[in-house]
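Peer 1: how would this look folded up:
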Amino acid sequence: MDSFKCSKCGNTDLEKVGFLNGQPYCRACLQFKENSKNIFDAKFSNTKPKCDYFLSYELSEKQKELSNTLILNYKNQINTFVNAVCGSGKTEIVLELIKYVINSGGSVGFAIPRRDVVIEIYNRLVQIFKGIKIVAVYGSHHEQIYGDIICLTTHQLYRYKNYFDLLIIDEVDAFPFKNNDVLYAHFKRSLRGFFVLLSATYFTHSNSYFQDKKFEIVSLNERFHKHLLPVPRVIIVKKCFQTLFLLFFLRRYVKSGKPCFIFCPTIEICEIVFKRLSIFLKGGEYVHSKRKTRNDIISGFKNKKYKYLVTTHVLERGVTVENLQVIVFLANHPLFDFSSLIQIAGRVGRKASAPEGEVLFITDEVNSEIKEAIRVINEKNTSV
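Peer 2: Coordinates of the predicted model:
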């Protein structure tokens with residue numbers, strides 16, 4: 001066979017093609033099975049109340065301006081990429097557009113690469129919107145897949161062929177969506193209308209990755225409480241002393257009653273660091289993608305059951321904790337690119353009641369990713 005192109009994901013790599021009964025099939029998207037019935041068989045009552053949302057606070061003028069831009073772009077059939085800093089209120093910016101699309105009879109998807117953030121967004125939208133059906137679809141959680149707003153992981157987009165009039169993808173530059181041709185193909189197949197992409201870091205592949213879809217780029221460099229982004233402080237120390245320095249700063253935070261995330265690049269390092277810290281400092285826990293109890297642990301941390309949390313990339317996005325301090329251990333590790341470092345730094349100072357805090361990068365050298373992360377954060381702060 002000289003050539004092959006998958007009708008679902010567009011795969012043309014012959015190394016990802018298998019044969020069954022002499023017929024070729026695509027192995028790249030084999031895990032994604034089609035729905036047994038047409039997606040449009042799902043019907044909702046035509047007498048349902050008009051969609052509306054309720055917030056206990058007012059949007060800033062810049063948030064309102066950007067919200068109006070999104071509606072105008074949608075009406076004019078223009079896709080939008082929103083480059084908004086961590087803590088600027090990206091979710092609040094899209095609420096008016098969601099309301100407009102649903103009240104116009106359209107279907108809305110809110111897709112996010114990571115399951116934990118899907119759950120977080122789902123819970124927020126359930127509190128904000130009343131009188132409409134909101135469902136969460138991820139992993140093994142897909143008993144209900146139809147609703148007025150569908151919150152889902154990007155992996156679940158394969159279920160919704162030509163379905164969404166508005167598809168919002170938050171954290172569009174995050175793993176596993178970033179640079180994943182199969183997931184991008186499912187994104188395109190699920191869309192029958194227009195999209196809004198959200199991120200705090202402009203993803204460098206955007207021009208080529210979405211070259212067949214024109215979109216306008218809009219920016220919001222101001223946090224909703226108008227305080228500046230925390231600029232990371234780099235602690236350069238030899239590897240043999242890094243755990244000692246980590247313990248020194250962590251003890252200081254714990255003593256002052258400030259909760260702390262310690263970010264580690266891998267699961268193995270995460271567990272090792274926690275074991276070392278727990279010998280000298282009690283009251284902590286650790287989480288990573290393979291820890292089955294991580295949701296309970298994260299909930300316990302938010303409720304002040306734990307004083308510190310050692311974690312991997314699973315908590316770099318979509319998590320808000322009051323008065324949080326952050327330490328990045330081995331900040332120059334290859335798995336920490338500038339985008340992830342910016343997101344990690346953005347966990348600090350997200351609450352108006354505690355808009356400031358510390359971000360520490362512990363490393364034995366300042367690499368290009370650390371430099372770029374700090375440069376971008378300073379650039380955002382000076383543009384406010």
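
Peer 1: for the strand of greatest length in the chain, packing partners?
Peer 2: Longest strand in the chain by number of residues (criterion: DSSP state E): strand 191-199. With contacts defined as 3 or more C-beta pairs under 8 Å, 6 or more residues apart in numbering; DSSP states H and E, strand 191-199 has these neighbours: helix 61-75, strand 79-84, helix 90-103, strand 164-170. Yep, even glycine has a C-beta here, placed from its N, CA and C like the rest.

Peer 1: rerun that using 6 Å as the cut-off
Peer 2: If contacts are counted by 3 or more C-beta pairs under 6 Å, 6 or more residues apart in numbering; DSSP states H and E, strand 191-199 sits against strand 79-84, strand 164-170.

Peer 1: Let's see the shortest one as PDB, backbone CA atoms only.
Peer 2: Going back to what we said before, that points to strand 79-84. Taking only C-alpha atoms (Å, rounded to 0.1, in the frame of the first residue of the first chain), the coordinates of strand 79-84 have been written out as PDB:
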ATOM      1  CA  ASN A  79     -13.300  32.300  15.600                       C
ATOM      2  CA  THR A  80     -11.400  33.800  18.500                       C
ATOM      3  CA  PHE A  81      -8.300  33.000  20.500                       C
ATOM      4  CA  VAL A  82      -8.200  34.700  23.900                       C
ATOM      5  CA  ASN A  83      -4.800  35.100  25.300                       C
ATOM      6  CA  ALA A  84      -5.600  36.100  28.900                       C
END
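
Peer 1: Contacts for that strand, please.
Peer 2: Surrounding strand 79-84, the residues in contact under the criterion C-beta atoms under 6 Å, 6 or more residues apart in numbering are 70, 73, 90, 194-198, 202, 213, 215-220.

Peer 1: ditto for the longest one
Peer 2: Residues from elsewhere that reach strand 164-170 (C-beta under 6 Å, 6+ apart): 94, 101, 106-112, 190-191, 193, 195-198.

Peer 1: which two in those residues are spaced the farthest apart?
Peer 2: Spanning the widest gap among the contacts of strand 164-170 are G106 and I112, at 19.8 Å by C-beta to C-beta.

Peer 1: Between the two, tell me which one has more neighbours.
Peer 2: Between G106 and I112, I112 has the larger neighbour count (other C-beta atoms under 10 Å), namely 27 against 17.

Peer 1: Let me know whether that one touches V118 as I believe.
Peer 2: Yes. The pair I112 and V118 passes the contact test of C-beta atoms under 6 Å, sitting 5.0 Å apart.

Peer 1: quick revisit: in JSON lines, list the helices and strands packed on strand 191-199 along with mean neighbour count, distance to H155 and mean pLDDT.
Peer 2: Shown next, in JSON lines, are the helices and strands packed on strand 191-199 (neighbours: other C-beta atoms under 10 Å; distance: least, C-beta to C-beta, whole Å; pLDDT from 0 to 100):
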{"stretch": "strand 79-84", "mean neighbour count": "21", "distance to H155": "22", "mean pLDDT": "93"}
{"stretch": "strand 164-170", "mean neighbour count": "24", "distance to H155": "12", "mean pLDDT": "97"}
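
Peer 1: one step back: quick one, the longest strand of the chain and strand 164-170 angle?
Peer 2: Taking axes from the mean of the first three to the mean of the last three C-alpha atoms, to 10 degrees, one finds that strand 191-199 is oriented at 20 degrees with respect to strand 164-170.

Peer 1: Now do the buried residues in strand 191-199.
Peer 2: Neighbour counts over strand 191-199 (16 or more other C-beta atoms under 10 Å) mark L191, G193, F194, F195, V196, L197, L198, S199 as buried.

Peer 1: Averaged pLDDT, that strand. What do you get?
Peer 2: This predicted structure assigns strand 191-199 an average pLDDT of 94.

Peer 1: about what we covered before: can you name the two of the contacts of strand 79-84 that sit furthest apart?
Peer 2: Greatest spatial distance in the contacts of strand 79-84: K213 and L220, 21.5 Å, computed using C-beta to C-beta.

Peer 1: Compare those two and say which is more crowded by neighbours.
Peer 2: More crowded of K213 and L220, by other C-beta under 10 Å: L220, with 22 against 13.

Peer 1: Might one say that the more buried one is in contact with S88?
Peer 2: Yes. With contacts counted by C-beta under 6 Å, L220 reaches S88, the gap being 4.8 Å.

Peer 1: Where do the helices of this structure begin and end?
Peer 2: Secondary structure of the chain (DSSP state H): helices at 61-75, 90-103, 115-128, 181-190, 206-209, 239-255, 267-280, 294-302, 338-345, 368-383.

Peer 1: and those, which is most packed in?
Peer 2: Compared across the helices of the chain, helix 338-345 shows the largest average neighbour count, a mean of 24 (mean count of other C-beta atoms under 10 Å).

Peer 1: picking that back up, strand partners of the longest strand of the chain, parallel vs antiparallel please.
Peer 2: The strands that strand 191-199 pairs with in its sheet are strand 79-84 (parallel), strand 164-170 (parallel) (by DSSP bridges).

Peer 1: mind listing what the residue lying closest to V135 once chain neighbours are set aside touches?
Peer 2: In space, and not counting its chain neighbours, V135 is closest to G147: 3.8 Å by C-beta to C-beta, 6 or more residues apart in numbering. The contact partners of G147, by C-beta under 6 Å, 6+ apart, come to K133, I134, V135.

Peer 1: That's all I had, so thanks and see you.
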